[in-house]
Every structure is written in structure tokens, then in C-alpha cells.
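Student: Attaching a predicted model along with its sequence, questions to come.
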Amino acid sequence: MTDETCQWQGWREATERALYGPGGFYLRPEGPAGHFRTSVHASPLFAGAVARLLHEVAEELGSSEVDLVDVGAGRGELLTGVLAATAGSGLTVRPVAVERAGRPAGLDPRITWTDRIPPGVRGLLFANEWLDNVPTDVAEADATGTARYVEVRPDGTERLGPPVSGPDADWLSRWWPLSEPGSRAEIGRPRDQAWALAVASLSAGRAVAVDYAHLHAARPPFGTLTGFRSGREVPPAPDGTCDLTSHVALDACGALPGAGGDAGLLPAAELVTQREALRRLGVSGGRPPLALASTDPAGYVRALASAGEAAELTAPGGLGDFLWLTQRVPAAGG
């Protein structure tokens, strides 16, 4: 094996090393918030909505004590916000952050920090922008329409490798067929597996995945793999200096076993936009009544700011188009 050959890797292997290997992007002290904003960072309204969702789950379980497992927890921002939102509510929250980076200094001591999803979760497992960072291989159709793995060097230079085969080929055929020369896909099988393991950790409650996503009827013809660095989108390069992300085939993650294409979700699964999910949880983005400006000017300003934040979280063409995949696991005998 030559030095040149050693530099070429499939995108899944290269991304794993660049994001989570020694000195990897997600292990850096500044964390994801140093490079891009998620819904968690956009507004405390998001944590408030998750807190209300947690109350719903607790009511379904008939318990005032509930687990909250945040998968891909960043630096614990969501859990910190939910703990603040539930203070004095009578709900006892057992917060768990699942993150491969080390525990940040000064984090609330109530938060358990671990690099693996714990078993026996009874409550809410929440994964906001986690699955888009589960590394996948990339496939591209060659001049004859044959799907081939795309290989990459650390600087982002690509070439076509061997034909896609085995379970990866089966996944492409079922969820993202390629035939036109130059068409590309991210092979989402590792994400399906990661999500299945996450849901399996629940003994009772709900698992929710929130992410950039697309559905079988409208897959992007050239894939979505990209990079982010210091708040800007950049060409993807697995060199450890930028985030590497691609949208998620969430319909595949929550699909009926053996069903392909648009055949549907598991009976206990639901797929809605973030706009719809947050509106159900009381985040609407509606402007406060103008009369409030004269009776309570300070309150009007606060309400106007909150409405602006809610509008960002639910905006078409932006965060509002994220998809929420929810899967319910009933309590034994329930």
C-alpha cells in the first residue's frame, strides 16, 4: 500500500476521523456553538418547548420523575435550559448528556455526562442535530449509471472508488436509487442503525430526532454533504478544521421493516415539521397585540422579542423546515 493509497478513504471513515478522532472537530473546547447555531442556541423558547414536551411524557408515564437524555449534547446547553424551564414545576428531571467531548467546566452537577446512550431510559430521549453528524459513505453514479463509493483525501479532493455493494447497495436501491451519471447520495444506513439503537434504549417514553432532512419523494439529486467553519458554509474537507454534515433521510430511520420508498413509518412513529411540532408546544411566532405597547411598554418589547425568536424557530425555508421524527415506546402493560 502506497502513501497515496493511504490518503484515500471513504467519506464515512474520513468523517469519523475528522470529527471524532484525536483533535477532531467535535472534541475542540469551543464546541459546535463556536461554528454554527442550532435551534437550541437561537432562543430559550426551544428549551421551553422541550420542557413542555417532557411534561407531556411524564403525564403519559404517570410519574413526576422522568429521564431526559440529550444525544449529541454539545456543551449541555439544551439540558441547562430545560432544567431552568422546569424549576419549581414539581417535575423531577434526571438529565443525561450523551456527548463524545469531555464534560465542560461549570456544568450543572445534576447533569450526568457520558459518551454512550444509557439503557433503560424512562422518559424523553431527544436528539437535536445529532443524526446529521453520524458519518455516512457517499455514493455517486458513474458514466454508466453504476453507483460507486466516493473516496476522499483530507483536503477534500475526491475520486470514484469501487461499486457500492452489499447492505449499502440494498439501502440505496430501497431509499435513494441512483441512475443518472453524476447523481449522488449519502448512504444513510449507519444513521438508521444509530437511531434504532437510540430508540431501543427506551424502556418507556418517547424518542425524538430533530434534523435537516428529506423524504423519498424529493431526495436532492446531488446529495447535501457540506462543511461549516466559524459560522460560514465551506467546501467539505475531512481535515478536522470544519464540521461535516449532510441532511438525514429521516423516513428511512423511522420506516416499517421491509417497506421501501414511501411505504410509511412504524405505527408508533410520527414525522412532522419543526414548525408544526413547536406550534403544538406553544411556540407560534405571533406578534403581541399593539394595545400592549401603551398599557405595558416593557412587556410589549419583551413579547415582541419573543415573537421574533419564535418566528426564527418556525420560519419556512429555515429552522421551521427541520423534521421531527417521534417514536413512542409504551410502558409495559400500557
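Tutor: Looks like it came in fine.
Student: neighbours around Pro162, how many?
Tutor: By other CB atoms under 10 Å, 10 other residues sit near Pro162. For glycine as for every other residue, the C-beta is placed from the backbone atoms N, C-alpha and C.
Student: oh, I was asking about Leu61
Tutor: Neighbours of Leu61 using other CB under 10 Å come to 20.
Student: Which neighbouring residues are in contact with Ala147, exactly?
Tutor: Ala147 is in contact with 139-141, 163-164, 169, 172, 178, 185, counting by CB atoms under 8 Å, 6 or more residues apart in numbering.
Student: Any idea what it is bridged to?
Tutor: Ala141 (DSSP bridges).
Student: now it: how far from Gly161?
Tutor: 11 Å (CB to CB, to the nearest Å).
Student: What of Thr80?
Tutor: From Thr80 over to Gly161 the distance is 43 Å, taken as CB to CB.
Student: Find me the pLDDT at Ser230, would you?
Tutor: What the model reports for Ser230 is a pLDDT of 83.
Student: next one: the one 4 residues further on
Tutor: Val234 is assigned 95 on the pLDDT scale.
Student: Give the burial count for it, as a bare number.
Tutor: Val234 - counted by other CB under 10 Å - has 15 other residues nearby.
Student: which residues in this structure form helices?
Tutor: All helices of the chain, identified by DSSP state H, fall at 3-7, 11-20, 39-42, 44-61, 77-86, 166-175, 189-200, 250-253, 274-280, 292-295, 297-314.
Student: looking at those, which is buried most?
Tutor: Highest mean neighbour count of the helices of the chain: helix 250-253, a mean of 24 (counted as mean count of other CB atoms under 10 Å).
Student: what is the mean pLDDT for that helix?
Tutor: 95.
Student: which helices and strands sit right next to that helix?
Tutor: Helix 250-253 sits against helix 166-175, helix 189-200, strand 202-211, strand 323-329, with contacts defined as 3 or more CB pairs under 8 Å, 6 or more residues apart in numbering; DSSP states H and E.
Student: Give me the contact list for it.
Tutor: Here helix 250-253 has contacts from 131, 171, 174-175, 188, 191-192, 195-196, 209, 211, 213, 215-216, 262, 265, 271, 323, 325, using CB under 8 Å, 6+ apart.
Student: Next one: Ala269 from Phe25, what distance?
Tutor: In terms of CB to CB, Ala269 sits 31 Å off from Phe25.
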